[in-house]
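**Q** This is a predicted model, with the sequence first.
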2 protein chains.
Amino acid sequence: MKNFEKFMRAAVELSREKMNENAGGPFGAVIVQNEKIVGRGWNAVSSKNDPTAHAEISAIRDACQNLKTFDLSGCEIFTSCEPCPMCLGAILWARISKIFYANTARDAAEIAGFDDENFYAEFQKSPADRRIPSQQIGRDAAIEVFREWHKKYDKIEY
Amino acid sequence: MKNFEKFMRAAVELSREKMNENAGGPFGAVIVQNEKIVGRGWNAVSSKNDPTAHAEISAIRDACQNLKTFDLSGCEIFTSCEPCPMCLGAILWARISKIFYANTARDAAEIAGFDDENFYAEFQKSPADRRIPSQQIGRDAAIEVFREWHKKYDKIEY
């Protein structure tokens, strides 16, 4: 068995095991660095009352704690389902180098009843047309903080 | 002062205070329910080694812990900057009803040097054209878990 099949099997086993423990939805993910699993995650939205506790977000947080970094460049993520927009964003911020996925966002919508596909459609729209109304206020005060950040001599960039 | 100005001021104050404490980037957010702040968050990416610890994600997690729910329907989020795609995804999953933001994604890119705008562009592309290569493997095994979820009699939907 090729290594990448082994890692995906680990992600899928995690999705089944944690679903059966009622942690949350049927999703699992592992992060791999140099052919070794360095982080694991599963959906724990309902058990942890945390709508951000998706498998990929949880796996990224776990890998970052284990490796003591916020930068997973060179790592791969194996996830039992195509990442939703939130998790794709997290993968981008974490600088993960490659995504392996098994189920698609359409499978998540059609078979498992999740909103991933609708959410992707939201990102194709201009902000004014999205389902959640959005209003800009108070930029004059907020932009001062960005200017202070720009000038901050001891900032840690990420 | 109108309430919504007061809430945005709280978000911006949090962004400055936590930036100055070197928690992370210059971002703050509060969640409001019935004209009361029920959750607070700030960027803590570098101090917590957590690339997902953006202000909005942290505020959502805080509000959900305080309210003991994963559903923030009826709540508003006040964030010192337009949410990045990860955070917009989190806001969608949390079912937040309205977004107030101050700085724009362009401000974040131009003044503060963050990638938000580039990341939004990624979501306009088809998966094959995105910067992170993505490969589907092992759907046959993974889709079984979705079918088991579909049939699961005691699942908590979210």
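**A** That came through fine.
**Q** So which residue is smack in the middle of chain A?
**A** Of all residues in chain A, the one closest to the mean position by CA atoms, centre = their mean is A:Cys87, 2.4 Å from it.
**Q** quick one: the host helix or strand of A:Ile77 near chain B?
**A** Using DSSP states H and E, A:Ile77 sits within strand A:76-81. Yes: residues of strand A:76-81 contacting chain B under CB under 8 Å from any CB of the partner chain: A:80-81. C-beta coordinates here come from the backbone N, C-alpha and C atoms, glycine included.
**Q** Just checking the distance from that strand to the centre of its chain.
**A** 10 Å (CA atoms, centre = their mean, to the nearest Å).
**Q** then the very next helix or strand once past it to PDB, C-alphas only?
**A** Toward the C-terminal end, the helix or strand that comes next after strand A:76-81 (DSSP H and E) is helix A:85-93. As requested, the backbone C-alpha atoms of helix A:85-93 are provided in PDB (Å, rounded to 0.1, in the frame of the first residue of the first chain):
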ATOM      1  CA  PRO A  85     -14.400  27.300   2.500                       C
ATOM      2  CA  MET A  86     -13.600  27.900   6.200                       C
ATOM      3  CA  CYS A  87     -11.100  25.000   6.200                       C
ATOM      4  CA  LEU A  88      -9.700  25.900   2.800                       C
ATOM      5  CA  GLY A  89      -9.000  29.300   4.300                       C
ATOM      6  CA  ALA A  90      -7.300  27.700   7.300                       C
ATOM      7  CA  ILE A  91      -5.200  25.500   5.000                       C
ATOM      8  CA  LEU A  92      -4.100  28.600   3.100                       C
ATOM      9  CA  TRP A  93      -3.200  30.500   6.300                       C
END
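**Q** So helix A:85-93, near chain B or not?
**A** Yes: residues of helix A:85-93 contacting chain B under CB under 8 Å from any CB: A:85-93.
**Q** biggest separation within the residues you listed, which pair?
**A** Greatest spatial distance in the residues of helix A:85-93 next to chain B: A:Pro85 and A:Trp93, 12.6 Å, computed using CB to CB.
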